[in-house]
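Engineer: Kindly generate the corresponding structure for this input.
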Amino acid sequence: MKYKEILKLLNEMTIEEKIGQMVQIAGDVFLSEDTNSMLTGPLKNLNLSSEKLYQIGSVLNIVGAERVKKVQDEYLSKSRLKIPLLFMDDIINGYKIAFPIPIAQGCSWSPKVIKQIAEISAMESSIAGANVNFSPMVDLSRDARWGRVMESIGGEDPFLGEIYAKIMVKAYQGENLLEMGNLVSCVKHIAAYGAVEAGRDYNTVDMSEREFRQYYLPAYKAAIEAGAEMLMTSFNVINGIPCTVNKWLIQKVIREELGFRGIIISDYGAIEETIAHGYSENGRVAAKNAIYAGVDIDMMSSIYANHLKDLCVENKEIENKVNESVLRILTLKNKLGLFENPYGNIDKKKEKTYLMNASNLEKAKKLTQETFVLLKNKNHILPLQKNKKVALIGPYVDNIGITGSWTMFSDKSKNSTILDIFKEKMGSKVAYSKGCEILRQEEFNKILSADGLPLVNVEDEEKVEQEMIDIAIQTAKNTDVIILALGEHYKQSGEACSRSGISLPENQIKLINELHKLSKPIILILFNGRPIQLNNIEGKLDAILDVWFPGTTGAKAIVEMILGEVNPSGKLTMSFPQNVGQCPVYYNHYNTGRPHYDNVRYVSRYQDIPTESFYPFGYGLSYSNFRYMEMKLDKHKMYQDESITVTVKIENQSDYAGYEVIQLYIQDLFGSVVRPVKELKAFKKEYFKPYEIKYVNFDICIDMLKFWNEKLEFVAEKGDFKVFVGGDSVNVLEDKFELLI
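Structural biologist: Down below sits the predicted model:
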């Protein structure tokens, strides 16, 4: 459809039909045999009449070729102008194949891994009818208490966030949205959602504009520059105004400064929630605030549906804004080719042959292995020798629930368990005991209660718990090594899953303590959606392999790595705290006027724990032993139009070939505003053969030295800089150079 035809269509629409395009509801209503009952049930709170129902513009979380076709057909059969629906979905870490959760994907430090996961996810979901994916989530995440860190692709670092945002947007959308396997990327959440106070979901955000521009805005900017067609607002306030109605944020920053021309959609019910915030007096005011701010689509609330018409009648300016929003929506539908083919890239034949096919499952396993982070490997206990007798203990040993909290569409029939794979590999050398449940009854019931689910009741829980531990001890006594598969419940991380404590559950810690008394080597396979406090158990463990929630092929990927068929290469994108009281903790912090020194009282410190993180940003071990031998700069003075080449000599001092992520950090020693102790500016993931020496080069350019000064100017200032290169943010070689203006 040509642009003038879109304008013609816009002019033919009634005001009710225009407003309908700006409303999104759950698509299940169109699958009901009795639409009237649905209108008095799930849609009652939205106050939508049957007439309004067939004017809406998009639906939420309907996917699958048959379901999408049925909903589209039902809608078009009763829609006056036959404007097709948009189908938007949460394909957060895969559709049928569940890939590792986003925080794990980021730990690959591999653009190739990020790209391939996004491409497979896009192909799977688009042939099943998805037009829009609510991904990537690029919120900078520094606080492990926040449940949604599991969705954060870049973790605590803005540079990683920028890189990954660009890759994912381009991988989802491709060069042309009409091509098979491409779909719209909806980037979320604008803005600064990861900075909610106390790590509590939906909570307040308050920060300076300079802090916002320096650390939180870059990933959104990168996504827009990559061509993202849609952005989602966040639930939090910023500068005292809810983001969904924040004109400064949406109009000035996102649209004017960053040049975003696509669609802005609210998060689930966020426009209506501005009333609860105490910003909008009622629904009518909320609608006015949101349309003036520039929100095009109201997700899952009745605010636009019930109030925009009266506002348009009273105010021509609001009607013009409605026209602008609807034009953007129609334009996107046209880019997707829906006017010619309302079913998009649906392909029933390909749905049968492509989804969960053997080739993609094998790719998924290899991609998954790049996301694992080896946190500890005392006395090189890993890789495990196959002649060892192994006790597999823990609630995640014989458990397929390892896909995370956002994989509602995944096909779990293809999931193997760690127990299955170990038995395939090692046969009778493997013994199994569950050892404990993931959570105790009281803790699990809190989760079930919040979800409105029936509660569990375990009689004499203490006795049952002790019996399970006793059986685990007997199982372990006749083996050489204990492998524990422990961690969070998948419902403990994700949206609305903030936690004030981030240790392993108490019953799991009790199991570790009892098994430790056997004086046998213990290897922990850790399942988690956030950094976990480990200092209370780390000393009782010989190895820790963090596998996050690894997805469909996770079990195979884990066992192959434990047995040395694959060498770990992942590195942390979020610091692991010593204690939850440190949160938020992150590597690129500022110094204070009294930096921490050991055995000094009046400095910035804690009395009871170290100041530094337990495992730092960028950290991750390998079966290889990489030694950073020396670093050289080709010069130590640099003008703005020049660059400095940094060369680092690295040797793999082991029999194991492997990948190392080499990281370059820079510190601006003195600035017109205080600068961080170091900032990641570049990295390379290099393959080393056994005992190979490589010289790895980085070029430092002027853009790496720029920052937002007190006047909110993005500049580089002359002066001295430190440059660091290493395998993580702490263990580095360093040198200095001077920038001359």
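Engineer: which residues does the nearest residue to L355 once chain neighbours are set aside contact?
Structural biologist: Closest residue in space to L355, ignoring its immediate chain neighbours: K96 at 4.5 Å, by Cβ to Cβ, 6 or more residues apart in numbering. For glycine as for every other residue, the C-beta is placed from the backbone atoms N, C-alpha and C. If a contact means Cβ atoms under 8 Å, 6 or more residues apart in numbering, then K96 has 124, 128, 355-356, 409-411 as its contacts.
Engineer: So this protein: which segments form each domain?
Structural biologist: Residue ranges for the domains of the chain, per automatic domain parsing: 3-350, 372-569, 626-740.
Engineer: among these, which is the most enclosed?
Structural biologist: domain 3-350 (a mean of 21; mean count of other Cβ atoms under 10 Å).
Engineer: Tell me where the model's unsure across this structure.
Structural biologist: 33-45 (pLDDT under 70).
Engineer: where does the residue nearest to L355 land in three-state SS?
Structural biologist: Three-state assignment for K96 (DSSP: H, G, I helix; E, B strand; the rest coil): coil.
Engineer: How much space separates it from M356?
Structural biologist: According to Cβ to Cβ, to the nearest Å, K96 stands 5 Å off from M356.
Engineer: between the two, what contacts are shared?
Structural biologist: D411.
Engineer: now the domains of the chain in JSON lines, with distance to V585?
Structural biologist: What follows is those, written out as JSON lines (distance: least, Cβ to Cβ, whole Å):
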{"stretch": "domain 3-350", "distance to V585": "7"}
{"stretch": "domain 372-569", "distance to V585": "9"}
{"stretch": "domain 626-740", "distance to V585": "12"}
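Engineer: so where's the longest helix in this structure?
Structural biologist: Longest helix of the chain, by residue count under DSSP state H: helix 316-335.
Engineer: Now the most centrally placed residue in the chain: closest residue in space, sequence neighbours ignored.
Structural biologist: Centroid check for the chain by Cα atoms, centre = their mean gives E151 as the closest residue, at 2.1 Å. Of all residues not flanking E151 in the chain, M137 sits nearest, at 4.1 Å (Cβ to Cβ, 6+ apart).
Engineer: Please verify my assumption that the one you found contacts S185.
Structural biologist: No. The pair M137 / S185 is not scored as a contact, 11.1 Å apart, by Cβ atoms under 8 Å.
Engineer: Going along the chain, name the strands of the stretch 451-600 of the chain.
Structural biologist: Taking DSSP state E, counting those that start in this stretch, the strands of the stretch 451-600 of the chain run over residues 481-487, 522-527, 543-546.
Engineer: strand partners of the helix or strand that contains K632, parallel vs antiparallel please.
Structural biologist: Here K632, judged by DSSP states H and E, is contained in strand 626-633. Strand 626-633 has the following strand partners under DSSP bridges: strand 644-652 (antiparallel).
Engineer: Next secondary structure after the partner strand?
Structural biologist: strand 658-668.
Engineer: re the thing from before, and the residue nearest to the centre of the chain, how far is that from D641?
Structural biologist: 40 Å.
Engineer: now the strands of the stretch 451-600 of the chain as a markdown table including distance to S58?
Structural biologist: Below are the strands of the stretch 451-600 of the chain laid out as a markdown table (distance: least, Cβ to Cβ, whole Å):
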| stretch | distance to S58 |
| --- | --- |
| strand 481-487 | 36 |
| strand 522-527 | 35 |
| strand 543-546 | 38 |
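Engineer: Tell me which of those lies nearest to V71.
Structural biologist: strand 522-527 (35.4 Å; Cβ to Cβ).
Engineer: who does that closest one touch, helix- and strand-wise?
Structural biologist: When contacts are defined as 3 or more Cβ pairs under 8 Å, 6 or more residues apart in numbering; DSSP states H and E, strand 522-527 packs onto strand 481-487, helix 506-516, strand 543-546, helix 554-562.
Engineer: Let me have the ones you listed in CSV, adding distance to I254 as columns.
Structural biologist: Output for the helices and strands packed on strand 522-527, formatted as CSV (distance: least, Cβ to Cβ, whole Å):
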stretch, distance to I254
strand 481-487, 37
helix 506-516, 44
strand 543-546, 35
helix 554-562, 37
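Engineer: Just tell me which of these ends up closest to H589.
Structural biologist: Closest to H589 of those, according to Cβ to Cβ: strand 543-546, at 22.8 Å.
Engineer: Which strands border the closest one, and is each parallel or antiparallel?
Structural biologist: Using DSSP bridges, the strands paired with strand 543-546 are strand 373-377 (antiparallel), strand 522-527 (parallel).
Engineer: Looking at those strands, spot the one closest to Y587.
Structural biologist: Shortest distance between Y587 and the strands paired with strand 543-546, using Cβ to Cβ, is found for strand 373-377: 15.3 Å.
Engineer: next SSE after the closest one?
Structural biologist: Using DSSP H and E, the helix or strand that directly follows strand 373-377 along the chain is strand 390-393.
Engineer: what angle sits between the helix or strand just after that next one and strand 481-487?
Structural biologist: Counting by DSSP H and E, the next helix or strand C-terminal to strand 390-393 is helix 418-426. Interaxial angle of helix 418-426 relative to strand 481-487 (axes from the mean of the first three to the mean of the last three Cα atoms, to 10 degrees): 150 degrees.
Engineer: V559 contacts K423, doesn't it?
Structural biologist: No. The criterion here is Cβ under 8 Å, and V559 misses it with K423 at 9.8 Å.
Engineer: what does stretch 673-682 contact?
Structural biologist: With Cβ under 8 Å, 6+ apart as the test, stretch 673-682 has contacts from 157, 159-160, 210, 587-591, 617-618, 663-669, 698, 700, 704, 707-710, 722, 724, 729.
Engineer: Check the burial of the residue nearest to N579 when sequence neighbours are not counted by counting its neighbours.
Structural biologist: Spatial nearest neighbour of N579, excluding adjacent residues (Cβ to Cβ, 6+ apart): I609 at 5.0 Å. If you count neighbours by other Cβ atoms under 10 Å, I609 ends up with 14.
Engineer: I609: what's it in contact with?
Structural biologist: The contact partners of I609, by Cβ under 8 Å, 6+ apart, come to 535, 578-579, 581-582.
Engineer: Please identify the helix or strand for it.
Structural biologist: In the assignment (DSSP H and E), I609 maps to no helix and no strand.
Engineer: quick check, nearest of the contacts of K96 to S500?
Structural biologist: Lowest distance from S500 to the contacts of K96 (Cβ to Cβ) belongs to S410, with 29.7 Å.
Engineer: Check the gap between the closest one and A287 for me.
Structural biologist: Remark: distance between S410 and A287 (Cβ to Cβ) = 37 Å.
Engineer: Counting neighbours, what do you get for the nearest residue to T592 once chain neighbours are set aside?
Structural biologist: Spatial nearest neighbour of T592, excluding adjacent residues (Cβ to Cβ, 6+ apart): S604 at 4.4 Å. Using other Cβ under 10 Å, S604 is surrounded by 12 other residues.
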